[in-house]
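In: Need a 3D model of the sequence below.
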Amino acid sequence: MKGRTLPDRRAPKRLGYLFPALAAALLLSVSAVPGQDIGPQSPGSRVQVEKLLGLWKEHFAGADSLQERRTAFARLMQTMPGPTRIQVRQVDADGVDAELMWPARLHHPIGERVILYIHGGGFSGGSIRTHGLFAGSLAKAASSDVLLINYRLMPEYTYPAQINDAVTAYRWLLDNGYRNDNVVVAGDGAGGNIALETVLRQIQAGKALPAAVIALSPITDLAATGGSMTSNAGSDPLVGKDWIETLRKAYLGRKSPSDPQISPLYADLTGFPPLLLQVGSGEALLDDTLRLADKARQAGVDVTTEVWPGMPHQWQLFPALLDDADRSSQTIAEFAIRHFADKPQE
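Out: Numbers count the residues shown, from 1 in each chain. Okay, the predicted model is just below:
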C-alpha cells in the first residue's frame, strides 16, 4: 500500500451537563417508532447505562467550550480499555492521518475488505484514540480491515475541511487496492453526517460508490428542525437543540444549515447505497435518523433502521460497559458482511 508506514501502536464532547432527572428519563424511554425490532431494554442494561451516564457527568462537569469538551471526551475514553487481538498500522492517507487495523488472525486477507470509519465528536472532538476500541471491535466482528481517520477538527478548521478529509481517505482506499464494492463507509454523530456527505459527493461526481453506508445517530439536519429536539429534550442529556446551534455557528458561520451539501436530510438520495441507521429511542437526534430513513426509502434506497430503547448517544463506543454496545456492534458487522462483495471465510 501507498502511504507512510510507521511502527504498530495500540490505540487504546461536546456533551452537556448530566442531571439525575434526565438520566432517569433516558433509562425509562421505550421505542415507539417504526424500525427493526430490537426488543425492550433489560433491567441490567438500565443499570449499565446509569453507570455510563455517571462517568459522563464526572468527566464533563465544567467543560463548556469546544476545546474543553474535546479534552473531556478524550479523558473519558482514556479510561476505557484499548483494542485487543488486532494489528495496527499508522498510515498517511494522502495527507489524512489514519490507522489501518485488522484482526490479528492467521491468514487474515488484509487489503480485501475495509470499513472506513469516521469518528463522532460534534465536528470538534473525537480521534483515533477515542474510537479505537470500537473500530477494533468492528474489525474483528466483520473480519474486515478498518481505516479510522483523524480528520481536521473545528474550531481550528471549519466546513468543509472535515468532509474533504473523509472524501480523500475514501479515494485513497480505492487507489490502494480496495475495490469499492468491498468498502463500507461508517460514522457516528457528526461522523455520520460526514459519512453521508462523503458518499453524496461521490454520487455528485459520478465516481465509484461504496458497497454500503452505516450512520449511527447521525446529525442529518444542522438546522435542528426535528420534533425530537423538543420532545426528547428531557431524555437526552448529551445532545440538544442549543448544542446543535453552537456547533452550527462554529462549523458553518453564515452558511445555510439546510444546504444539502451540509445537511444530508435536504439532499437528493437517489442512487444512494444500502444504508444502516442506528439511534437511541430517547435521543434528540431521533428524528434526524427517522426523517432521513423515510426520505431515503422514498428515493428507492435499501434502508435498515434500528431504534434502541434506552440507549444514549454514542452508546456503541462502550462495549466494556454496555452489553447493548456489543449487540449493536454485532448487527453493524453483520450488515457490513452482507454487503461486502467478497464475504469473509467461515
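In: which ones are touching residue 71?
Out: Counting by Cβ atoms under 8 Å, 6 or more residues apart in numbering, residue 71 makes contact with residue 63. C-beta: built from backbone N, CA, C; applies to glycine.
In: same question, the one 5 residues further on
Out: If you count contacts by Cβ under 8 Å, 6+ apart, residue 76 has them with 55-56, 59-60.
In: want to throw those residues into CSV with neighbour count?
Out: Shown next, in CSV, are the contacts of residue 76 (neighbours: other Cβ atoms under 10 Å):
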residue, neighbour count
55, 15
56, 23
59, 22
60, 23
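In: So which residues of the stretch 201-346 of the chain form strands?
Out: Listed in chain order, the strands of the stretch 201-346 of the chain (DSSP state E, counting those that start in this stretch) span 212-216, 275-280, 303-308.
In: Name the residues that touch the shortest one?
Out: Spelled out, that is strand 212-216. Contact with strand 212-216 is made by 115, 120, 184-189, 192-193, 195-196, 199, 272-279, 289, 292, 314, 316, 332, 335-336, 339, as judged by Cβ under 8 Å, 6+ apart.
In: Also the second one?
Out: The contact list for strand 275-280 (Cβ under 8 Å, 6+ apart) reads 26, 29, 212-218, 285-286, 288-290, 292-293, 296, 301-313, 315-316, 328, 331-332, 335.
In: Torsion angles phi and psi at residue 147?
Out: Per-residue torsions, residue 147: phi -100, psi 110 (degrees, to the nearest 10).
In: Could you point out the helix or strand that follows the helix or strand of the chain with the lowest mean pLDDT?
Out: Of all the helices and strands that make up the chain, helix 20-28 has the lowest average by mean pLDDT, DSSP states H and E, namely a mean of 38. As assigned by DSSP states H and E, the chain's next helix or strand after helix 20-28 is helix 43-60.
In: mind listing what's buried in the next helix or strand after that following helix?
Out: Where DSSP H and E defines the elements, the next helix or strand beyond helix 43-60 is helix 66-78. Under the neighbour-count criterion of 16 or more other Cβ atoms under 10 Å, helix 66-78 has 66, 69-70, 72-74, 76-77 buried.
In: And the residues you listed, which is closest to residue 157?
Out: Minimum distance to residue 157 across these is 11.9 Å, recorded for residue 66 (Cβ to Cβ).
In: circling back to that earlier point, of the contacts of strand 275-280, buried ones?
Out: Burial by neighbour count, 16+ other Cβ under 10 Å: within those this picks out 26, 29, 212-218, 285-286, 288-290, 292-293, 296, 301, 303-313, 315-316, 328, 331-332, 335.
In: Could you report the neighbour count for the residue lying closest to residue 66 once chain neighbours are set aside?
Out: Leaving aside its sequence neighbours, residue 66 sits nearest to residue 124 (Cβ to Cβ, 6 or more residues apart in numbering; 4.3 Å). Using other Cβ atoms under 10 Å, residue 124 is surrounded by 25 other residues.
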